[in-house]
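*Asks:* coords below, sequence missing:
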């Protein structure tokens, strides 16, 4: 599978629950960090978009947990993008390092608002032209 971006991270001990594994809610943070880092790598500033009245928001998330991460585990999140109507669909594959085993998959549907109104998503075409071509 072709990915458009990847970001390496490390699970921290304080993110773990009483069972000694990363709490499920922390994965959403990991996925959001990877999306924001991707924007920064493309030199797109989230704050500047906001100042222009553009808000990109998660409309839906589906997370499939295959194996749990533990504190200290290193992992990489790889992103793949596609357009579906007005939405940008971002697939996040979280692979534990070393070994590259798929631990978690998340599919997030992102929408764009302009001045508080839902857009047709053309902003995604402008920002992610290379990835959506």
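*Replies:* Thanks, I have it. The structure displayed is predicted, hence computed values, not measured ones.
*Asks:* Off-centre distance for the helix or strand of the chain with the lowest mean pLDDT?
*Replies:* Ranked by mean pLDDT, DSSP states H and E, the weakest helix or strand in the chain is helix 46-51, scoring a mean of 92. Per CA atoms, centre = their mean, to the nearest Å, the displacement of helix 46-51 from the mean C-alpha position of its chain is 18 Å.
*Asks:* what packs against the very next helix or strand once past that helix?
*Replies:* Per DSSP states H and E, helix 46-51 leads on to strand 54-65 as the next helix or strand towards the C-terminus. Contact partners of strand 54-65 among helices and strands, from 3 or more CB pairs under 8 Å, 6 or more residues apart in numbering; DSSP states H and E: helix 24-41, helix 46-51, strand 101-114. C-beta coordinates here come from the backbone N, C-alpha and C atoms, glycine included.
*Asks:* Least confident of these, on average?
*Replies:* Lowest mean pLDDT within those: helix 46-51, a mean of 92.
*Asks:* Pull out the buried positions in stretch 3-19.
*Replies:* Buried residues in stretch 3-19, counting neighbours by 16 or more other CB atoms under 10 Å, are found at 4-5, 7, 9, 11, 15-16.
*Asks:* Just send the residues you listed back as JSON lines, with secondary structure and pLDDT too.
*Replies:* Output for those, formatted as JSON lines (DSSP: H, G, I helix; E, B strand; the rest coil; pLDDT from 0 to 100):
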{"residue": "4", "secondary structure": "coil", "pLDDT": "97"}
{"residue": "5", "secondary structure": "strand", "pLDDT": "98"}
{"residue": "7", "secondary structure": "strand", "pLDDT": "98"}
{"residue": "9", "secondary structure": "strand", "pLDDT": "98"}
{"residue": "11", "secondary structure": "coil", "pLDDT": "98"}
{"residue": "15", "secondary structure": "helix", "pLDDT": "97"}
{"residue": "16", "secondary structure": "strand", "pLDDT": "97"}
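*Asks:* Residue 68 reaches residue 23, doesn't it?
*Replies:* No: counting by CB atoms under 8 Å, residue 68 sits too far from residue 23 to count as a contact (9.6 Å).
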